[in-house]
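Trainee: Sequence and predicted structure are below.
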Amino acid sequence: METKRDFLKKLGLLTVGGVVAGSVNPLQAAVSNAKAGGKSIGLQLYSLGRELSADVPAGLKKVAEIGYKTAELAGYGGGKFYGSEVADFKKIAADAGLKITGSHVNPPVRKYTAENKAEVAEFWKKAVDDHAKLGVITLVQPGMPTIDSHEDAAIVCEVFNKAGEIAKAAGIKWGYHNHSGEFKRVVKPEDKEKATNPWSQAGDIVYDLLLNGTDPKLVFFEMDVYWTVMGQQDPLDYFDKYAGRFPVLHIKDRSVLGQSGMMNFENIFNRAYKNGLDEFYVEIEGIKTGMTQFEGVKQCFDYLNKASFVK
């Protein structure tokens, strides 16, 4: 059985000695620095969790001072954003000099059924209305619904299409963000005997069922490239197979970008731009010991700002 390390080697994402393929040399860094003002690098604010919640206005100003131009939220609930009313939060972000372009929101249920589809749709109507007032471009669901069968996947696709329809009517693009669980396989009853575990080659990959079962005019996919690799899949294959479905990305590594030696961001960016990348957000979840969250997101920004392959 292929190990995860063997898989990463095969992709060319894990490099000898832990050196990142496509890392930036001093000359490239100097050239990139000269063009730094032209780059638009976004941050998923989930990266700052506890440190941002301590003082949201000051935290957003700090994000802008680091150099991030856009941000994706992860603090919507009860009609408020990070505890503030829509108009108040909009002013806080404007005062910080940060453009809020996206937001992550999960509905209140994980198991979609014929009985609760209407409830989920009502949730999205309210969320879309609040986000339209805020002025975001994209609204994304980051939590995976329960999918244990093809029937589950079909209902999820129906719910996603409806959410996309609601968002589109308000001028917002609706999308879905993956983790690694979407790359498990589900099998039809007649194929059960062929499947020894959820990761076997029998059955269909859930992520593909979602891509194939949703309307491209209503639903986009915000690929988290790190979690895709952790699901033992190649982001580049998906960019090619489903060109145009990934206009937004989460750029993530095991911790600070470019330090694990396992993510070939140069290849990822080059192929993503070729297939319709509009925007990306840095997200960092695994902060190293002795490093603050703000220090982590600054190092991620510096890495991308120096990278010649980031436009």
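Mentor: Okay, I see it. Bear in mind the structure is a predicted one, so any value in this text is a computation, not a measurement.
Trainee: can you tell me which residues contact residue 304?
Mentor: 39, 41, 251, 257, 282, 310 (C-beta atoms under 8 Å, 6 or more residues apart in numbering). Every C-beta, even on glycine, is put in place using the N, C-alpha and C of the backbone.
Trainee: Can you flag the buried ones in those?
Mentor: The neighbour-count criterion (16 or more other C-beta atoms under 10 Å) marks 41, 251, 257, 282, 310 among the contacts of residue 304 as buried.
Trainee: I'd like to know which of those are part of strands.
Mentor: If you go by DSSP state E, the buried ones among the contacts of residue 304 have 251, 282 in strands.
Trainee: tell me the mean pLDDT for stretch 54-72?
Mentor: Stretch 54-72 carries an average pLDDT of 98.
Trainee: Now that stretch: buried residues?
Mentor: Across stretch 54-72, burial judged by 16+ other C-beta under 10 Å covers 56-57, 59-64, 66-68, 70-72.
Trainee: mind checking the end-to-end distance for that stretch?
Mentor: This stretch, stretch 54-72, spans 18 Å end to end (C-alpha to C-alpha, to the nearest Å).
Trainee: about what we covered before: among the contacts of residue 304, which two are most distant?
Mentor: Spatially, the most separated pair among these is 39 and 257, at 14.1 Å (C-beta to C-beta).
Trainee: Pull the residues that contact the helix ranked longest in the chain.
Mentor: Secondary structure of the chain read by DSSP state H shows that its longest helix is helix 150-169. With contacts defined as C-beta under 8 Å, 6+ apart, helix 150-169 is touched by 112-114, 117, 120-121, 124-125, 128, 139, 141, 145-147, 173-174, 176, 186, 188, 204, 206, 209-210, 213-215, 217-219.
Trainee: List the ones among these that fall in strands.
Mentor: Among those, the members falling in strands (DSSP E) are 139, 141, 173, 174, 176, 186, 204, 219.
Trainee: Which of these are buried, as a PyMOL select command?
Mentor: Here is the PyMOL command that picks out the buried ones among the ones in strands among the contacts of helix 150-169, judged by 16+ other C-beta under 10 Å:
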select buried, resi 139+141+173+174+176+186+219
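Trainee: before we move on, the earlier item: just the buried positions in the longest helix of the chain, please.
Mentor: In helix 150-169, counting by 16+ other C-beta under 10 Å, buried: 150, 152-153, 155-157, 159-168.
Trainee: Which of these sits closest to residue 52?
Mentor: Taking C-beta to C-beta as the measure, residue 167 is the one of the buried residues of helix 150-169 closest to residue 52, at 25.4 Å.
Trainee: For the residue nearest to that closest one when sequence neighbours are not counted, give me the pLDDT.
Mentor: In space, and not counting its chain neighbours, residue 167 is closest to residue 174: 3.7 Å by C-beta to C-beta, 6 or more residues apart in numbering. Per-residue pLDDT puts residue 174 at 99.
Trainee: just checking, residue 174 touches residue 140?
Mentor: Yes - at 7.5 Å, residue 174 counts as touching residue 140 under the criterion of C-beta atoms under 8 Å.
Trainee: burial count for the spatially closest residue to residue 129 that is not a sequence neighbour?
Mentor: Spatial nearest neighbour of residue 129, chain neighbours left out: residue 170 (7.0 Å); criterion: C-beta to C-beta, 6+ apart. Neighbour count for residue 170, taken as other C-beta atoms under 10 Å: 14.
Trainee: Kindly report the same for residue 38.
Mentor: 7.
Trainee: Once you drop chain neighbours, what's closest to it?
Mentor: What sits nearest to residue 38 in space, not counting adjacent residues and going by C-beta to C-beta, 6+ apart, is residue 311, at 8.0 Å.
Trainee: what's the answer for residue 96, then?
Mentor: Per C-beta to C-beta, 6+ apart, closest to residue 96 is residue 60, 3.7 Å.
Trainee: In a helix, the one you found, correct?
Mentor: Yes - when DSSP: H, G, I helix; E, B strand; the rest coil is applied, residue 60 is found to be in a helix.
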